[in-house]
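Asker: Curious how this folds, go ahead:
(chains A and B)
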Amino acid sequence: MSIRERLSGNEATAYAMKQINPDVVAAFPITPSTEIPQYFSTYVANGQVDTEFVAVESEHSAMSACIGAEAAGARAMTATSANGLEYMWEMVQIASSSRLPIVMGLVNRAISGPLNIHCDHTDAMSVRDAGWIMLFSENNQEAYDNMLMAHRIAEHKDVMLPLMVCQDGFITSHAIEAIQLEEDEKVKAFVGEYHPEHYLLDRDNPIAVGPMDLQPYLTEHKKQQAVAMANAKQVILDVAKEFEDMTGRHYEFFERYQMDDAEFVIVCMNSTAGTVKTVVDELREQGIKAGLLKIRVFRPFPGEEIADALRNAKAVAVLDKVPLVSNVGGPLYEDITSSMFNRGVHVNTINYTYGVGGRDVTADQIKSVYHDLQYTTDMSVPYRFLGLKEGK
Amino acid sequence: MYNVKEIVANKPSRFTAGHRMCAGCGAPALARMILRAVKPEDHVVVSNATGCMEVSTCIYPYTAWSDSYIHTAFECASATASGVEAAYKSMKKQGKLPADKDTKFIVFGGDGGTYDIGIQSLSGAMERGHNLTYVCYDNGAYMNTGIQRSSATPRFADTTTSPAGNVIPGKMQSRKDLTEIMVQHHIPYVCQTAAIGVFQDLYEKAEKAIYTDGPAFINALAPCPRGWGYSTEDLMEINKLAVETCYWPLYEVVDGVYHVNYKPANKLPVSEWLKKQKRFKHMFKPGNEWMIEEFQKEVDKRWNELLAKEEMTNKSQEA
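Answerer: Below you'll find the model as predicted:
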């Protein structure tokens, strides 16, 4: 039987880590993810896990230590946010290219500058091409569930890639909500043990990790990484199926909310989806065919499936919780529209920048987006701001 | 009793031939001898910072290391080794690794990866008390990228980013004393060594460091023929003169107590060491005598400080 609890997103993540019982956790404090290593070090101090907790002196060292530990043959985990992720950016790439299935909790926060500690997705988007599997979570339940599925995906022999579970800073990480927790024994059996094929501490079969990799081989090694990322798609679905058998909770690449006959569709990630669902319900009562496509799996990007899901819409709005400074669309918009183009799906698609640095997104703002979708025919301004204070 | 012939005969090199380091480079001799200090029955995981040693010993699909080896990046060899060591502790405790067999953790980094960009990672690992040995092979500049000055570069040295020009005569600052910084971490074992004579000093210190329970730091002089400007066959002579002039004193600090392992009966003037190297050539031009004087003053000052620390810490131990 699942256990009913009330936990914040950070607590839920730390609790999942306790149940996973990794060999090593290396982490450094940064708002708003600090609580994760904080809760976890209490489990260590009280002997509730077998983990060696390495209280490193920086995020760069956190990821370096995770790489060392995972390469050594251990399960290694960490958590961070924003500038912490930026500081470990170099090592984030080395983790994936070394094919080490490290699992990280990323509590999304705006990256500096200027300094802001609240939620947007600039941190996650800065590593979108770093070779990590990226799962997004609407609420504490999804953050917990994604974490329980993480190792099964990352450590699959056809994948062997690091994975990050994203949740919105403060909005999800600090808000206490009801949650269904699974029993320790069930989680242990579901997650299973890690038996890497090659590892540093295998004294009978010593290996070299992280060689100089020059012109003759690098292209092929990068191709192998790309194949692994593509392989992750099926593994993610298979693991979700098994997870559903255990918990009854259903997961796919994305959630389709009122999508069967939807004419006007919002695509977004993480906590904003909750607000959008409320608005969709309201509009449906008024007879407006509104729908939501909430991305869960951002890497590997399920472009074909998303394009197909949007094929019958009359208009689509993609919400990017990222300031747009490139003079083209935000990262989610770019990925979705290029996938639609490749799939021959031609639907008017508008991009909104919203929620930057933790600015609230209201139901009224979401309604205004659906209003735009119903009445906008002018696509000459595809890139727009939501909730922008216009200067006088 | 130390016997180099027996050691070489009975302990095959764990760092193999075929690597691509330069002839006359001090670093491979260090790696070979330090690894020989590991008991044959023990396994080693080497963590290597980006640098000359890394780019010339592990070029895919080859490796010169017969033990396990990991390289991640320039500044984080210590943090990487911290993770490996933490994994070892955790897995051993859980019975996931054989209980009766030991693995040793040795980090190799050049002075750039140790004194400069890697000092945070090194300091963190030492403070946390990981059971590992850090070896800095100090060649006094960023040699891998083409001889740029580091904080280990001696004063007045001509490097590509501290060139000896008409106005500025080489690097203007004296070198950082990293060994002393490591002593101040209050770790159980810190030493400075060089490959001289029959390698006794190097071998014995490596053995002590590797079999110290807790973190240990070795600063080893590693001359670079390209960067220093000497003939490859003069490597051992350069090492010897560094020690005989007290530019590079051989000493160790065991649980805070200093032991100067070699005090030359006839301390040579540092110009004997400087004049063998092209990087100091401009110091010998007429009118630049002040540079040699300044250099000598700094060497004398640091040597006297070291002797004073030895006296002080030994006295306080007796008391």
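Asker: May I ask you to confirm that residue A:212 is in contact with residue B:52?
Answerer: No - between residue A:212 and residue B:52 there is no contact under CB atoms under 8 Å: 11.4 Å. Quick note: C-beta positions are derived from backbone N, CA and C, even for glycine.
Asker: In terms of packing, which of the two has more residues around it?
Answerer: Residue environment comparison for residue A:212 versus residue B:52 gives the larger neighbour count to residue B:52, 25 against 16, counting by other CB atoms under 10 Å in any protein chain shown.
Asker: List of residues touching the one helix or strand residue A:338 maps to?
Answerer: Element membership for residue A:338 (DSSP states H and E) is helix A:331-342. Residues lying outside helix A:331-342 but in contact with it, judged by CB atoms under 8 Å, 6 or more residues apart in numbering or on different chains, are A:125, A:128, A:267-269, A:295, A:298, A:301, A:303-304, A:306-307, A:310, A:316, A:318-320, A:322, A:328-329, A:346-347, A:349, A:351, A:383.
Asker: cool, and stretch A:45-58?
Answerer: Residues from elsewhere that reach stretch A:45-58, judged by CB under 8 Å, 6+ apart: A:18, A:21-28, A:37, A:40-41, A:43-44, A:62, A:65, A:69, A:87, B:79, B:82-83, B:86-87, B:89-90, B:93-94, B:120-121, B:123-124, B:127-128.
Asker: Between its first and last residues, how far does it reach?
Answerer: With CA to CA, to the nearest Å as the measure, the first residue of stretch A:45-58 is 21 Å from its last.
Asker: got the buried residues for that stretch?
Answerer: By neighbour count, and taking 16 or more other CB atoms under 10 Å in any protein chain shown as the criterion, the buried residues in stretch A:45-58 are A:49, A:50, A:51, A:52, A:53, A:54, A:55, A:56, A:57, A:58.
Asker: quick one: pLDDT of the spatially closest residue to the fifth one that is not a sequence neighbour?
Answerer: The spatially closest residue to residue A:53, leaving aside those adjacent along the chain, is residue A:44, at 4.5 Å (CB to CB, 6 or more residues apart in numbering or on different chains). We note a pLDDT of 98 for residue A:44 in this prediction.
Asker: element containing residue A:44, please.
Answerer: Assigned by DSSP H and E, residue A:44 belongs to helix A:35-45.
Asker: For that helix, which residues meet the burial criterion?
Answerer: For helix A:35-45, a neighbour-count test (16+ other CB under 10 Å) marks A:35, A:36, A:37, A:39, A:40, A:41, A:43, A:44 as buried.
Asker: Stretch B:146-155 now?
Answerer: If you call a residue buried by 16+ other CB under 10 Å, then stretch B:146-155 has these buried ones: B:147, B:148, B:149, B:150, B:151, B:152, B:153, B:154, B:155.
Asker: Enumerate every residue touching the third one.
Answerer: The contact partners of residue B:149, by CB under 8 Å, 6+ apart, come to B:141, B:142, B:157, B:159, B:161, B:162, B:171.
Asker: The second one touches residue B:112, doesn't it?
Answerer: Yes - with contact defined as CB under 8 Å, residue B:142 and residue B:112 form a contacting pair (4.5 Å).
Asker: Which one's more surrounded, the two?
Answerer: Set side by side, residue B:142 and residue B:112 give different neighbour counts by other CB under 10 Å, the larger being at residue B:112 (30 against 26).
Asker: any idea how far residue B:176 is from that one?
Answerer: Counting by CB to CB, to the nearest Å, the gap from residue B:112 to residue B:176 is 12 Å.
Asker: list residues touching both of these two?
Answerer: With contacts defined as CB under 8 Å, 6+ apart, the residues shared by residue B:112 and residue B:176 are residue B:152.
Asker: For chain A, what's the nearest residue on the stretch 51-200 of chain B?
Answerer: Distance from chain A to each residue of the stretch 51-200 of chain B (CB to the nearest CB) is smallest for residue B:83, at 2.7 Å.
Asker: just to confirm, which helix or strand has that residue in it?
Answerer: helix B:77-93.
Asker: Dump that helix to PDB, keeping only the CA atoms.
Answerer: These are the backbone C-alpha positions of helix B:77-93, laid out as PDB (Å, rounded to 0.1, in the frame of the first residue of the first chain):
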ATOM      1  CA  ALA B  77      41.700  15.700 -10.300                       C
ATOM      2  CA  SER B  78      41.400  15.900  -6.500                       C
ATOM      3  CA  ALA B  79      37.600  16.100  -6.400                       C
ATOM      4  CA  THR B  80      37.500  13.200  -8.900                       C
ATOM      5  CA  ALA B  81      39.700  11.100  -6.700                       C
ATOM      6  CA  SER B  82      37.500  12.100  -3.700                       C
ATOM      7  CA  GLY B  83      34.600  10.500  -5.500                       C
ATOM      8  CA  VAL B  84      36.500   7.400  -6.300                       C
ATOM      9  CA  GLU B  85      37.700   7.100  -2.700                       C
ATOM     10  CA  ALA B  86      34.200   7.700  -1.300                       C
ATOM     11  CA  ALA B  87      32.900   5.000  -3.600                       C
ATOM     12  CA  TYR B  88      35.600   2.600  -2.400                       C
ATOM     13  CA  LYS B  89      34.700   3.300   1.300                       C
ATOM     14  CA  SER B  90      31.000   3.000   0.700                       C
ATOM     15  CA  MET B  91      31.200  -0.200  -1.400                       C
ATOM     16  CA  LYS B  92      33.700  -1.800   0.900                       C
ATOM     17  CA  LYS B  93      31.500  -1.100   3.900                       C
END
